[in-house]
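take this sequence and fold it.
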Amino acid sequence: MGNNVIIATGSFLSSSKKELILGDNVIICPNCVILSNKHNTVSMEIPFSKAEKKATGTTIESNVLIGAGSVVLDGTVIGEGSLISANSVVSGKIPKYSFVAGNPAKVIFNRQSKNNESS
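Here you go, the predicted structure:
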């Protein structure tokens, strides 16, 4: 965990087999879920509660804001300077300085490019 990380009330962070990395100046707003593991759901004979946990690991780079109620799934990498809109479900690789929204979350625009357009 980096410096100046804020994790608001009601948020849940989980990591058991692989790392959950939080960079500097990360803000996790209320009621978010950040996962760095998942259950192996291949076998029909094994109940979910007894299934082996698998993990890829999750990374949230520096200066990221994760909006209230968002879910970040195992294996996600959120690039530096990104803003995740409230109630988004995020997976995969999010490029630096992205504005992301939706379920499933999608990059709506690049904050750096938008900033250059308004100059």
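
just checking, residue 83 touches residue 109?
No: assessed by C-beta atoms under 8 Å, residue 83 is found out of contact with residue 109, at 10.2 Å. Glycine gets a C-beta too; all of them are placed from N, C-alpha and C.

what about residue 32, distance to residue 38?
Using C-beta to C-beta, to the nearest Å, we find residue 32 at a distance of 17 Å from residue 38.

those two: which is more packed in?
The neighbour count for residue 32 versus residue 38, taken as other C-beta atoms under 10 Å, is higher for residue 32 (24 against 17).

just to revisit the earlier point, which one's more surrounded, residue 83 and residue 109?
residue 83 (19 against 13).

check what pLDDT the more buried one gets.
Listed pLDDT for residue 83 reads 98.

check residue 8 too.
For residue 8, the predicted pLDDT is 96.

try residue 37
Note on residue 37: pLDDT of 78.

surely residue 107 is in a strand?
Yes: with DSSP: H, G, I helix; E, B strand; the rest coil as the criterion, residue 107 is part of a strand.

could you measure the residue of the chain most remote from its centre against residue 51, distance?
For the chain, the largest distance from the centre (C-alpha atoms, centre = their mean) belongs to residue 45, which lies 30.9 Å off. Computed as C-beta to C-beta, the residue 45 to residue 51 distance reads 10 Å.

what do those two both touch?
Counting by C-beta atoms under 8 Å, 6 or more residues apart in numbering, no residue touches both residue 45 and residue 51.

check the gap between residue 76 and residue 43 for me.
25 Å.

neighbour count winner among those two?
residue 76 (21 against 10).

pLDDT value on the residue nearest the centre of the chain, please?
Centroid-nearest residue in the chain, with C-alpha atoms, centre = their mean: residue 72, separated by 3.3 Å. Looking at residue 72, its pLDDT reads 97.

isn't it right up against residue 64?
No: shown here, residue 72 and residue 64 do not form a contact pair, counting by C-beta under 8 Å, at 9.9 Å.

so what sits against both of the two?
Shared contacts of residue 72 and residue 64 (C-beta under 8 Å, 6+ apart): 78, 84.

what stretches of this structure score poorly on pLDDT?
For the chain, the stretches with pLDDT under 70 are 39-42, 114-119.
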